[in-house]
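[1] Fold the following.
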Amino acid sequence: MKPKQKPKSAGRARRLSPGVGQFTYRTGRVVYRFRWTDGAGRRQVATFDTAEEAEEFRLSILNGRGEEAVTRHMTFMSWWNRWMEPRDLLPSTRKGYESLARNHILPAIGSLRLSDIRASHLQTMHADMLQNKGLSDSHSGKALEQVSACLQDAVAEGLLTVNPRSKMTRRGRRHSGKKTERYALSVAELIALESAMDEYWAILVPFIAETGLRIGEVSALTVADVDLDHGRVTVTKSRKKTGEVGPPKSKAGYRTVPTLTARTCERLRAMIAQRRLSQHSPLFTGPRGAVLGQDNFRTRVFNEAVAKAGLDKLADGRSAPTPHTLRHTAVTMWMQRAHLSPYQAARLAGHESSIVTEAIYTHLNPGELGFVRDAMEGWGRADLRAVNED
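    Numbering: from 1, shown residues only. Below you'll find the predicted structure:
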């Protein structure tokens, strides 16, 4: 049996003093690491360029100046681990974030001290993911969004004075020449899509385009979750593709969205009465009472309507819309037509950080967007103030 080969990033470690070790990468680079247990019982690690810096840090920890030393010497990897640990994420979401960090983010900037990270480091990391590692714009963008959110919280904690991401230019970004897949549907496109959809399901077009809910969140709604008198939807759960109902995608997913128009509320009332639904009944089910399955809805209902409406081959090069495009339409509407700030829109959309909202939606141009229901009557009502009160 052949012995297993060590990964290319593997190196050799040599202990210098209690907790301090010298680590040599196969590339020849030498760093010094100090490992210790903090006051909360968590294992921590700090990386330094010289043995003197590592020893100075070790002594500062022993002399009770731990917090000051951690702030001064903390590496991005140490802060990333501390930042990730308490986040309330679905297992699948956490797994995806950790994979991006393990394979792309931490190898690029993990050993850098927080205070030493510059926009150029992020630019190099992003370019490497696009050009050398073959990641798509979407995946590399998600990695950059996570780094940006992590650094922004470091600013909030006083570990940084400014987020390096804010100074990052778009130089080096690879473009495919096609328009981004993230776009908002125009009024005409929304009407065409709804008209082409089976009458039983047509109500979902304005519902998602007004609330911006993810399809898994829509599937998990019950009648009791919708306040038709005030146009509000309360999100406390989400249905996975396997059919199981669990918590929303993250802690931010627990929210109240007060954006249903009066017309949509009237249609929902009529639907609930016609289908004889109780307060505990799922709000949206199949004709025979089956739960709304994400894949089945998209392939058997939504995609057929897209093709029938002629939206599968858009002249301007946009990809065919998906149910998630209706969510993009809603968030774009909130920011461009209702003039919500990224922070307010993030709360309604269930994003953990407004950084994510800005990264996704700031590319949209008001001049190229025709919006939901023209004026979407009801936006001026006092209920919108609940965005700041919830």
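[2] mind checking the end-to-end distance for stretch 291-311?
    In stretch 291-311, first residue to last residue: 27 Å (CA to CA, to the nearest Å).
[3] Tell me the buried residues in that stretch?
    Using 16 or more other CB atoms under 10 Å as the test for burial, stretch 291-311 gives L292, G293, Q294, F297, R298, V301, F302, N303, A305, V306, A309, L311. No exception for glycine: its C-beta is placed from N, CA and C like everyone else's.
[4] pLDDT averaged over that stretch - what is it?
    Mean pLDDT, stretch 291-311: 90.
[5] and what of stretch 323-330?
    Stretch 323-330 comes out at a mean pLDDT of 90.
[6] ok, residues contacting it?
    Counting by CB atoms under 8 Å, 6 or more residues apart in numbering, the neighbours of stretch 323-330 from elsewhere in the structure are 182-185, 190, 205, 208-215, 259, 294, 297-298, 302, 349, 360-361, 371-372.
[7] same thing but at 7 Å, please
    With CB atoms under 7 Å, 6 or more residues apart in numbering as the test, stretch 323-330 has contacts from 182-185, 205, 208-215, 298, 302, 372.
[8] Pull the most distant pair out of those residues.
    The distance between the two most remote of the contacts of stretch 323-330 (CB to CB) is 20.4 Å, for R298 and V372.
[9] which helices and strands does the helix or strand where A188 lies pack with?
    Using DSSP states H and E, A188 sits within helix 187-196. Here helix 187-196 touches helix 204-211, helix 303-308, going by 3 or more CB pairs under 7 Å, 6 or more residues apart in numbering; DSSP states H and E.
[10] Confirm for me that G19 is in contact with Y32.
    No - taking contacts as CB atoms under 7 Å, G19 lies outside contact range of Y32: 10.8 Å.
[11] who has more neighbours, the two?
    Per other CB atoms under 10 Å, whichever of G19 and Y32 has more neighbours is Y32, with 22 against 19.
[12] Next, give phi and psi for that one.
    With angles defined as degrees, to the nearest 10, Y32 sits at phi -130, psi 130.
[13] List the buried residues in stretch 215-229.
    Counting neighbours by 16+ other CB under 10 Å, stretch 215-229 gives I215, G216, E217, V218, S219, A220, L221, T222, V223, D225, V226, L228 as buried.
[14] if we look at that stretch, which residues are touching it?
    Outside stretch 215-229, the residues that reach it (CB under 7 Å, 6+ apart) are 208, 233-235, 237-240, 245, 248, 265, 268-269, 272, 277-284, 291-292, 294, 323.
[15] And stretch 142-158, by the same measure?
    Under the criterion CB under 7 Å, 6+ apart, residues 79-80, 83, 97, 100, 104-105, 114, 122, 126, 129, 160, 162-165, 352-353, 355-356, 359 lie in contact with stretch 142-158.
[16] Point out the least confident one among the contacts of stretch 323-330.
    Lowest pLDDT among the contacts of stretch 323-330: V372, with 39.
[17] beta partners of Q44?
    Counting by DSSP bridges, Q44 forms beta bridges with W36.
[18] Can you check what pLDDT the model gives it?
    73.
[19] how near is it to F34?
    According to CB to CB, to the nearest Å, Q44 stands 9 Å off from F34.
[20] Which one of those two is surrounded by more residues?
    Using other CB under 10 Å, the more surrounded residue of Q44 and F34 is F34, with 24 against 17.
[21] Let's see the pLDDT reported for L135.
    82.
[22] Reformat the buried residues of stretch 215-229 as TSV; add secondary structure and distance to D88.
    Formatted as TSV, the buried residues of stretch 215-229 follow (DSSP: H, G, I helix; E, B strand; the rest coil; distance: CB to CB, whole Å):
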residue	secondary structure	distance to D88
I215	helix	21
G216	helix	16
E217	helix	16
V218	helix	21
S219	helix	21
A220	helix	17
L221	coil	21
T222	strand	22
V223	helix	27
D225	helix	20
V226	strand	24
L228	coil	30
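[23] Can you tell me which of these is closest to Q344?
    The closest of those to Q344 turns out to be E217 (CB to CB; 18.8 Å).
[24] From Q336, how far out is that closest one?
    The value you get for E217 to Q336, if CB to CB is used, is 23 Å.
[25] From E266, how far off is the residue nearest to S281 when sequence neighbours are not counted?
    Nearest residue to S281, sequence neighbours excluded (CB to CB, 6 or more residues apart in numbering): V223, at 5.4 Å. Per CB to CB, V223 is found 15 Å from E266.
[26] go on, D198?
    20 Å.
[27] same thing with D49?
    For D49, the distance to E266 - CB to CB - is 67 Å.
[28] more neighbours, these two?
    The residue with more neighbours, out of D49 and E266, is D49; 14 against 11, by other CB under 10 Å.
[29] Okay, and the spatially closest residue to that one that is not a sequence neighbour sits in which element?
    Nearest non-adjacent residue to D49, counting by CB to CB, 6+ apart: V31, 6.7 Å away. Per DSSP H and E: V31 is located in strand 30-37.
[30] Rounded mean pLDDT for that strand, please.
    Strand 30-37 carries an average pLDDT of 78.
[31] And the contacts of it?
    19-24, 43-51, 54, 57-58, 61, 111.
[32] I am assuming V233 contacts R255, so please confirm or correct that.
    No - using CB under 7 Å, V233 is not in contact with R255; the gap is 9.0 Å.
[33] all strands of this protein, in order?
    Applying DSSP state E to the chain gives strands spanning 11-17, 20-25, 30-37, 43-48, 226-227, 232-235, 238-239, 245-246, 255-257.
[34] tell me the mean pLDDT over stretch 147-155?
    Stretch 147-155 comes out at a mean pLDDT of 88.
[35] State the number of residues packed around C150.
    22.
[36] what do you get for A252?
    Neighbour count of A252, defined by other CB under 10 Å: 16.
[37] ditto for the one 4 residues further on
    By the other CB under 10 Å criterion, the neighbourhood of T256 contains 18 residues.
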